[in-house]
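output the structure for:
(one chain, ligands or ions: 1)
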Amino acid sequence: MKLIWRLVRLYRPYSGWMLLGILLSLLTVLANISLLALSGWFISSMALAGAIGGSMNYFTPAALIRGAAITRTAGRYGERLITHEATFRLVSELRVWFYEKLEPLAPAVLQQYRSGDVLSRIRADIDTLNNFYLRIFLPMIVALLATLIVVITLAYYQPLFAMVELILLLIAGVVLPWLLNKLSLTTGAQLVQTAANLRTQLVSDLQGMGELLIYGAAEQQAQTLQQHSQALAAQQQRLNRLNTWTQIALNVTASLAMWLLLILAVPLVRQGSLAPANLAMLSLLALASFEAIAPLPLAWQSLGETLAAARRIFTLTEQAPPVQEPEQPLPVPESFSLRFDQLSFRYQATRPWVLKELSFRLEPGQKLIILGANGSGKTSLLSVLLRFHEPTSGRLLLNEQPIQAYTGEAIRARLAVAEQHAQVFNSTLLDNLRLANPVATQAQIEQACSAVLLDEFIQQQPEGYHTWVGETGLHLSGGQLQRLVLARALLKPASVLILDEPTEGLDPETALSVMRNILAWVEAQGQSLLVITHQRLGIEAEMEVLRLSTQPQFNQLSIDSQSTRHLHQP
Ligand SMILES: Nc1ncnc2c1ncn2[C@@H]1O[C@H](COP(=O)(O)OP(=O)(O)OP(=O)(O)O)[C@@H](O)[C@H]1O
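Next comes the predicted model:
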C-alpha cells in the first residue's frame with residue numbers, strides 16, 4: 001500500500017490529465033452499455049408494436065442510439081488520446097526525475113550496481129510504471145463507477161436484479177482478479193527480475209565481447225543468456241495462460257448474469273409489473289456492464305509486475321547520498337588551500353581502513369606529488385577530495401573551513417581532474433576536449449594538445465579534431481587516450497589540477513616531456529598541482545613529494561627522502 005501511495009504521489013502533477021482520461025473512459029463504457037440496452041429495448045418495442053398493430057415514436061430512441069454510438073466512438077478516441085498523452089508526459093518526466101535522483105549517488109552508490117542493471121531500471125522499469133495508470137488505476141476507478149451506476153439503474157426496476165448483478169460483478173471484478181493475482185504475483189515479480197537480468201547480462205556481454213572471445217567463454221555466456229531467455233518465455237507463457245482462463249471465466253459470468261436476469265424478469269413480465277420491452281433491455285444491460293469489469297483481471301495481474309518495477313526504482317532512488325550537501329553553502333574562492341587533518345577513510349565500517357590519520361597541505365600554487373604503491377589509497381584520497389565520499393574521521397579543510405561547508409559541485413568546479421580510468425565519450429576529439437571548457441578557443445585547445453604531445457597525432461588525422469574516438473575511446477591507442485584525458489583536464493579553467501597516474505600508458509620519453517610541459521602549464525596558469533602516482537615521474541626535483549604507505553596503520557605521509565623541498569606540514 002505504501003508503494004502504491006508513493007506511485008500516486010509521482011503522478012500528482014498530471015492529476016488533471018488523469019481525471020479527464022478517467023471521465024472519458026467512463027463515458028465510453030456507459031455509452032457502450034446504453035447502446036446495447038437501448039437497442040434491446042428498441043427492437044423489442046418495435047416487435048411488440050408490430051405484433052399488436054400499434055404505433056410508437058421511434059425517433060427519440062433511434063436518436064439516443066445514434067447518440068450513444070457516436071459518444072462511444074468519440075469517447076474512445078478522446079480517451080486514448082488523453083490517457084496516452086498523460087502517460088507519455090509522465091514517463092518522460094519520470095526518466096528525468098530518476099536521473100536527477102541518480103546524480104547525487106554517482107559514483108559511490110552506483111558502483112555497487114552493474115551498469116546494465118541501472119540501464120534496465122531507467123528504461124524498462126520506468127516503462128512498466130506506465131501500467132499503473134493505464135492498466136491499473138484507470139480501469140479500477142472506471143469499473144467501480146460503472147458498477148455503481150448499473151446497479152442503481154437495475155435497483156430502480158427491481159432490487160433483486162441489482163443484487164444478482166452486484167454479486168456476479170463482484171465475482172468477475174474481485175474474486176477472479178484476486179485469484180489471478182494470487183496465482184501470478186510471484187511470476188509477475190520474477191518476470192521483471194528475469195527481464196532485468198537478461199538485459200544486464202546482454203549489456204555486460206556486449207561490452208566484454210573481446211575478452212569473452214579471447215578466453216573462449218563466449219559459448220558459456222551464450223548458454224547463460226539462453227537460460228535467462230527460456231525462463232522469461234516460460235514466465236510470460238504462464239501469465240498468458242492464466243489470463244486466458246480468467247477471460248473465459250469472465251465471459252461465462254457475464255452470460256450467466258444475462259440469463260439469470262432473464263429468468264428472474266420473465267415472471268414479473270407475466271405478472272405485468274415489468275414492461276415486456278424492458279426484459280431485453282435489462283438483460284442486455286446486465287451483459288454489457290461486464291465490459292467495465294473486463295480489464296480488471298489484467299489490472300490485478302499487472303499490479304505484481306508494476307509494484308516489482310516500482311520497488312526496484314525506489315530502492316535505488318531512496319538510497320542516502322554518500323555525501324550530505326550543506327543547506328547554506330559557502331562560495332568556493334578562486335584560490336584556496338587544502339588541508340588534510342588526521343583524515344581517515346574506509347569504504348564501509350566492515351572494510352579495512354584505506355587512509356589512516358593522513359595530514360598534509362596543498363597551498364595555492366604549490367606542486368605536490370603523492371607517491372604510493374598500488375592499493376595504498378591514492379585514488380580513494382582523490383574521491384574524498386572530490387566529495388564523492390565523506391571522510392570517516394578527521395578533517396579536510398578548504399581555506400581552513402571544513403569541506404562540508406561547500407557543495408560538492410562548487411568544489412569540483414574549481415578542480416580539474418584527469419582520473420586514472422577517465423571516461424571519454426563516443427564522439428569527436430573536439431567534443432571530448434570541449435567537455436572541460438565549452439568556450440575554449442581553438443588556440444587554447446591546440447595549446448593543451450601540444451602540451452601533452454597529442455597535436456602531431458591530431459594533425460595526421462584526415463578529420464583532425466573532428467576524428468571520432470569510438471566507444472570508450474576504442475579508436476585511440478592507450479597512450480593517445482591518456483593524453484586526450486590530460487589535455488581535457490588542462491583545458492578546464494580551475495584552481496587546482498589533479499592528475500591520477502598521469503603517465504600510465506606513455507613511454508618514458510613521452511611521459512617525461514608531457515610532465516615537464518604540464519609543470520610549465522600550471523606555472524603559467526597559476527594553478528596548484530597535485531599528482532598521485534605509484535611511480536617516479538622524473539620531475540620530483542621540481543615538486544614536493546610525499547610517500548603514502550600501503551599499510552593504512554602507517555598511513556602518515558612521509559616526506560620523500562629524494563625530494564628537494566619540504567612540505568608545509570599542518
Ligand atoms: N569503491 C570501493 N569500494 C570498496 N573498496 C575499494 C573501492 N575502491 C577502492 N577500494 C579499496 O581501497 C584500497 C585503495 O584503493 P585505491 O584505488 O584508492 O588505491 P590506489 O593507491 O589508487 O591504487 P592503484 O595505484 O592501484 O590505482 C584498495 O584496497 C581497494 O581494494
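
pull out the buried residues from the strand or helix carrying residue 153.
Assigned by DSSP states H and E, residue 153 belongs to helix 138-157. Neighbour counts over helix 138-157 (16 or more other CB atoms under 10 Å) mark 138-143, 145-147, 150-151, 153-154, 157 as buried. C-beta here means a position set from N, CA and C on the backbone, and glycine is covered the same way.

switch those residues over to TSV; also include distance to the ligand and pLDDT.
TSV is the format used below for the buried residues of helix 138-157 (distance: CB to the nearest ligand atom, whole Å; pLDDT from 0 to 100):
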residue	distance to the ligand	pLDDT
138	44	91
139	45	93
140	44	92
141	46	93
142	49	95
143	50	95
145	53	96
146	55	95
147	55	94
150	60	94
151	60	94
153	65	93
154	66	92
157	71	90
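
between those, which sits nearest residue 383?
residue 138 (46.3 Å; CB to CB).

got the contact list for the closest one?
Shown in contact with residue 138 (CB atoms under 8 Å, 6 or more residues apart in numbering): 18, 21, 22, 25, 83.

and those residues, which two are the farthest apart?
18 and 25 (10.5 Å).

residue 182: neighbour count?
Residues within reach of residue 182, counting by other CB atoms under 10 Å, total 11.

so it, which state does it fall into?
helix (DSSP: H, G, I helix; E, B strand; the rest coil).

again, but for residue 394
Here residue 394 is strand, with the state taken from three-state DSSP.

residues contacting it?
Here residue 394 is in contact with 340, 341, 342, 343, 344, 357, 358 (CB under 8 Å, 6+ apart).

quick check, nearest of those residues to the ligand?
If you rank the contacts of residue 394 by distance to the ligand using CB to the nearest ligand atom, residue 358 comes first, at 12.1 Å.

ok, and the closest non-adjacent residue to whatever residue of the stretch 201-350 of the chain ends up closest to the ligand?
Of all residues in the stretch 201-350 of the chain, residue 347 sits closest to the ligand, at 3.6 Å by CB to the nearest ligand atom. Computed as CB to CB, 6 or more residues apart in numbering, the closest residue to residue 347 that is not its neighbour in sequence is residue 354, at 6.8 Å.

how far away is that neighbour from residue 295?
55 Å (CB to CB, to the nearest Å).

so what's the nearest residue to residue 284 once chain neighbours are set aside up against?
Leaving aside its sequence neighbours, residue 284 sits nearest to residue 40 (CB to CB, 6+ apart; 3.8 Å). By CB under 8 Å, 6+ apart, the residues touching residue 40 are 280, 281, 283, 284, 285.

so which of those is the most crowded?
For those, the largest number of neighbours (other CB under 10 Å) sits with residue 285, at 26 neighbours.

just the ones in helices from the contacts of residue 394, please.
Using DSSP state H, the subset of these located in helices is empty.

now render these as TSV, adding neighbour count, pLDDT and distance to residue 318.
Putting the contacts of residue 394 into TSV (neighbours: other CB atoms under 10 Å; pLDDT from 0 to 100; distance: CB to CB, whole Å) gives the following:
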residue	neighbour count	pLDDT	distance to residue 318
340	23	92	32
341	17	92	33
342	14	91	33
343	24	93	29
344	16	92	28
357	18	88	34
358	26	88	32
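
those residues also near the ligand: which ones?
Counting by CB under 6 Å from any ligand atom, nothing from the contacts of residue 394 sits close to the ligand.

closest to residue 492 out of those?
Nearest to residue 492 among the contacts of residue 394, with distances taken as CB to CB, is residue 340, at 22.7 Å.

is it correct that that closest one is in contact with residue 398?
No: contact criterion CB atoms under 8 Å: residue 340 and residue 398 do not qualify, at 10.9 Å.

ok so, going back, what's the following helix or strand after the helix holding residue 153?
Next helix or strand after helix 138-157 toward the C-terminus (DSSP H and E): helix 159-170.

could you report the neighbour count for residue 352?
11.

that one and residue 345 touch, don't they?
No: the criterion here is CB under 8 Å, and residue 352 misses it with residue 345 at 10.9 Å.

give me the number of residues near residue 168?
When counting by other CB under 10 Å, one arrives at 21 neighbours for residue 168.

quick one: residues contacting it.
253, 254, 256, 257, 260, 286.

contacting residues for the fifth one?
I take that to be residue 260. 164, 168, 286.

and these near the ligand, which?
The subset of the contacts of residue 260 lying close to the ligand, counting by CB under 6 Å from any ligand atom, is empty.

tabulate those (CSV), appending pLDDT.
Below are these laid out as CSV (pLDDT from 0 to 100):
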residue, pLDDT
164, 94
168, 95
286, 91
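
how about TSV for those residues, with distance to residue 61 added?
Shown next, in TSV, are the contacts of residue 260 (distance: CB to CB, whole Å):
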residue	distance to residue 61
164	26
168	27
286	20
